[in-house]
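In: Predicted model and sequence below, questions to follow.
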Amino acid sequence: MNKLKNILYPSAVMVGLLALWWIVVEQTQSLIFPTPLEVFTGMLQLAQDGSLWKHIGASLLRVATGFIMAVLIGVPMGLWMGRVEGVYRTLNPLFQILRPISPIAWIPLTILWFGVGNTSPVFLIFLASVFPLIVQTSAGVHTIEQRYLRAAENFGVSRAVLLRQVIFPAVLPEILVGMRVGLGVAWLVVVAAEMIAPVSGLGYLIIDSRNAGSRYDLVIGVMIIIGLIGLLLDTGMRRLERLKSIRWRYGR
């Protein structure tokens, strides 16, 4: 019954919003803002000619590349900062200064460093996701109860085994939280990142649709696609949190 409610209630809200959208457009007789049917028709045309899937694939590839780079750098950095107090005191102020800076603010420097191409949006996506991973991972190491570490050291456990069998499993739930936050932020900035991309990606498609005849049906359609993909990515990360090796840390 609860599962049915979890499906019916959100669906009812979505249907209500679509109906309200349609009524408002029809009542105002807007010549610019499209109806839901016009948005659906425009996106169907893009899907049929294959261009929609090309842009989705380009965006997902850039986000995946930047996010994987962030995981490969952010998680080890967070573990190092969490284990070595001197490193934490040295680097944490720097990361806390850089973390609040919007990735959009980096666009001029990114173009200067990497030019206009695939490297620039990947770098922006990397910046968007690496800091949540570093902060969350280091915070997770600091929450480990010291008695577990002391017990392992009393048994003569090496540093490598301690990291692999004690610290990493204990921090894994926090790492997943950082990954979830980082991936959400990375997908959030995909539009801004792809403003400087070549000729592909959902962000580019929004700008191109606006400039090519003010196709607001495609603009809104792509915005909806971005939201739906973001929901799917978040759902996937939530499912990872339910793995047996991770879910012990959460109440539900």
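Out: That came through fine. Only a predicted model underlies this, so the values are computations on that prediction, with no experimental measurement involved.
In: Return the helix or strand in the protein with minimum mean pLDDT.
Out: helix 146-154 (a mean of 73; mean pLDDT, DSSP states H and E).
In: Give me the contact list for that helix.
Out: Applying Cβ atoms under 8 Å, 6 or more residues apart in numbering, the external contacts of helix 146-154 come out as 161, 162, 166, 167, 170. In this view, the C-beta of every residue, glycine as well, is placed from N, C-alpha and C.
In: Determine the number of other residues adjacent to the fourth one.
Out: Taking other Cβ atoms under 10 Å as the criterion, the count of residues near residue 167 is 20.
In: Check the gap between it and residue 237 for me.
Out: 22 Å (Cβ to Cβ, to the nearest Å).
In: Residue 150 too?
Out: 33 Å.
In: residue boundaries of the helices in the stretch 151-252 of the chain?
Out: 159-162, 168-188, 190-193, 202-211, 216-241 (DSSP state H, counting those that start in this stretch).
In: Report the angle between the lengthiest helix in the chain and helix 146-154.
Out: When the chain is parsed with DSSP state H, its longest helix is helix 51-83. Put simply, helix 51-83 runs at 70 degrees to helix 146-154, going by axes from the mean of the first three to the mean of the last three Cα atoms, to 10 degrees.
In: tell me which residues of helix 51-83 are tucked away?
Out: 52, 55-56, 58-60, 62-63, 65-67, 69-71, 74-75, 77-83 (16 or more other Cβ atoms under 10 Å).
In: Neighbours of residue 157, how many?
Out: Counted with other Cβ under 10 Å, residue 157 comes out at 16.
In: Check it and give its pLDDT.
Out: pLDDT recorded at residue 157 is 73.
In: Then residue 92?
Out: Confidence score, pLDDT, at residue 92: 89.
In: ok, so what distance separates it from residue 204?
Out: Distance from residue 92 to residue 204, by Cβ to Cβ: 36 Å.
In: ok, the two, which is more surrounded?
Out: Neighbour totals were compared for residue 92 and residue 204, and residue 204 leads with 22 against 14 (other Cβ under 10 Å).
In: Isn't that one up against residue 55?
Out: Yes - in terms of Cβ atoms under 8 Å, residue 204 counts as a neighbour of residue 55; the distance is 7.0 Å.
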